[in-house]
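K.L.:
Kindly return the folded structure for what I paste below:
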Amino acid sequence: MATWKPVVAIVGPTAIGKSRIGIEVAKILKTEILTADSRQVYREMNIGTDKPALAEQQGIPHRLIDLVDPDQSFNVGDFRHHASQEISRLHRQGLLPLVIGGTGLYIRALLRGLCPGPPANWVIRNELAQEAKTQGPGFLYEKLQQVDPDLAQRLHPNDQPKIQRALEVYRILGTPLSVVHQQHRFEDTPYPSLLIGLTMDRQALYRRIETRVEWEIHKGLVQETQSLMEQGYHRELGSMKGLGYRQFSGYLAGEYSYEEAVRLLKRDTRHFAKRQM
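P.N.:
Numbering: from 1, shown residues only. Prediction:
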């Protein structure tokens, strides 16, 4: 029987303080932090992803950040591959891996296994991309609401990569992706884990979100977004649709005012945190 090695994971909604607590836990455990965040994998996207600066890391190595450029694809399978390699390395060194989770899908895939699905069908993907281009992104979300309302309820209408993948799976299998997930019972848990969930009064968390947004703007979120756009990272990239970049790229494109961009960012971050709780 194979020897399973343990993992400690800290999870919770955005702005609750996972990074700060994680650093203190890592000091106690004398280990490294493995970041499970789908946005911090992108290079040059620092302020908007709340990526800890070197000084903020307090000497604790942070792995699984800055893995790809903003125009490169990166999915949960890629994350699980990289994370598994890091976990194996830490176990060989006699260290207890500490995972800090900002992306629930990444944590679930790592600790419970990855739900198998059909390989990419580029004919269908191109069809869906063309439909989104001609009909507008809301068209595909409405389609998903019709064929897989359970999954649609859990996804943001602007999360086009996940929406398109769900529709792709449905067209291939004729089965909603939410049903595929239910049928996969995740029995082959690769790592026994201690899962630490952080929680907070919702209104208190919303106040923290307000403060964090203001701090990110003070640090230069608008300038970071402009720099990315000037480098050719266009608004349709998945990386540029993340919180902060989506709202301020719209402002920089002249679609609405600066004040409206700030309002949208605060509102969308609250909605995101609510879905994480």
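K.L.:
For the rest of this, base every contact and every neighbour count on C-alpha atoms.
P.N.:
Fine.
K.L.:
what's the burial count for G117?
P.N.:
The number of residues packed near G117 is 12, by other CA atoms under 10 Å.
K.L.:
mind giving me the domain split of the chain?
P.N.:
7-115+187-197, 122-183, 202-276 (automatic domain parsing).
K.L.:
end-to-end on the second one?
P.N.:
Start to finish, the residues bounding domain 122-183 are 25 Å apart (CA to CA, to the nearest Å).
K.L.:
Mind jotting down where the strands sit in the stretch 151-277 of the chain?
P.N.:
Per DSSP state E, counting those that start in this stretch, the stretch 151-277 of the chain carries strands over the ranges 193-197.
K.L.:
any weak-confidence spans in it?
P.N.:
Along the stretch 151-277 of the chain, segments meeting pLDDT under 70 span 184-189.
K.L.:
Could you pull out the helices in it for me?
P.N.:
For the stretch 151-277 of the chain, the helices defined by DSSP state H, counting those that start in this stretch cover 160-173, 177-183, 202-219, 221-230, 245-252, 258-276.
K.L.:
What of the stretch 1-150 of the chain?
P.N.:
Remark: helices assigned in the stretch 1-150 of the chain by DSSP H, counting those that start in this stretch are 18-29, 76-92, 104-112, 122-135, 137-147, 149-154.
K.L.:
so which of the ones you listed gets nearest R212?
P.N.:
Smallest distance to R212 across the helices of the stretch 1-150 of the chain (CA to CA): 13.4 Å, for helix 18-29.
K.L.:
Could you pull up the contacting residues of L96?
P.N.:
6-8, 29, 31, 90 (CA atoms under 8 Å, 6 or more residues apart in numbering).
K.L.:
Make a ChimeraX selection of whichever of these turn out to be buried.
P.N.:
The buried subset of these, as determined by 16 or more other CA atoms under 10 Å, is captured in ChimeraX by this line:
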select :6,7,8,31,90
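K.L.:
quick one: the nearest residue to I65 once chain neighbours are set aside from T35, how far?
P.N.:
Spatial nearest neighbour of I65, excluding adjacent residues (CA to CA, 6 or more residues apart in numbering): V41 at 4.4 Å. The gap separating V41 from T35 is 9 Å, by CA to CA.
K.L.:
cool, and P52?
P.N.:
Distance from P52 to T35, by CA to CA: 10 Å.
K.L.:
Appreciated, that's everything.
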